[in-house]
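[1] Only the shape, not the letters, is given here:
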């Protein structure tokens, strides 16, 4: 929640909002990792993805796909940039698909 001190009214239209962006990323990655160990259905990782490194962390933790949210608000081209960066990184490492990375965390 955020409050305008002059009007003493909430800044957000719904009065309160959720936690998103970089602040939630470590928690979200942990939850993806735990879920991937417990279930065998696809998991979509999200929360704080601003770069290919962020997206790759979720995939390595066990996500089948990722969603870019908050970063798209400030830069709508974030999704395209993240995909392009991931493709370059994977090509440099000789990795042919995201599926090769899924759930490969060494924990």
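    Arrived safely, thanks for sending. Just so we're clear, the structure is a prediction, and the values are computed from it rather than from any experiment.
[2] use CA for all of it now, contacts and neighbours both
    Will do.
[3] So which bits of stretch 29-45 are buried?
    By 16 or more other Cα atoms under 10 Å, the buried positions in stretch 29-45 come out as 29, 31, 32, 33, 35, 36, 43, 45.
[4] Just the pLDDT at the fifth one, thanks.
    Residue 35 is assigned a pLDDT of 98 by the prediction.
[5] ok, now how distant is it from residue 62?
    8 Å (Cα to Cα, to the nearest Å).
[6] if I look at these two, which residues touch both of them?
    residue 43 (Cα atoms under 8 Å, 6 or more residues apart in numbering).
[7] tell me which element residue 27 falls in.
    Taking DSSP states H and E as the definition, one finds residue 27 inside helix 25-38.
[8] Show me what that helix is packed up against.
    strand 44-46, helix 52-61 (3 or more Cα pairs under 8 Å, 6 or more residues apart in numbering; DSSP states H and E).
[9] Please work out which of those is packed deepest.
    Ranked by mean neighbour count, these are led by helix 52-61 with a mean of 23 (mean count of other Cα atoms under 10 Å).
[10] average pLDDT for the helix or strand following that one?
    Per DSSP H and E, the first helix or strand lying C-terminal to helix 52-61 is strand 65-67. Averaged over strand 65-67, pLDDT sits at 97.
[11] Could you do stretch 77-95 as well?
    Averaging pLDDT along stretch 77-95 yields 97.
[12] what's in contact with that stretch?
    50, 51, 52, 53, 55, 56, 68, 71, 72, 96, 97.
[13] and residue 35, what does it touch?
    By Cα under 8 Å, 6+ apart, the neighbours of residue 35 are residue 43.
[14] how near is it to residue 27?
    Distance from residue 35 to residue 27, by Cα to Cα: 12 Å.
[15] Repeat that for residue 20.
    11 Å.
[16] between these two, who's got more neighbours?
    residue 20 (16 against 13; other Cα atoms under 10 Å).
[17] so what's the closest residue to that one other than its chain neighbours up against?
    Closest residue in space to residue 20, ignoring its immediate chain neighbours: residue 47 at 5.9 Å, by Cα to Cα, 6 or more residues apart in numbering. Contact analysis of residue 47 by Cα under 8 Å, 6+ apart lists 20, 21, 22, 24, 25, 28, 67, 68, 69.
[18] Many thanks, have a good one.
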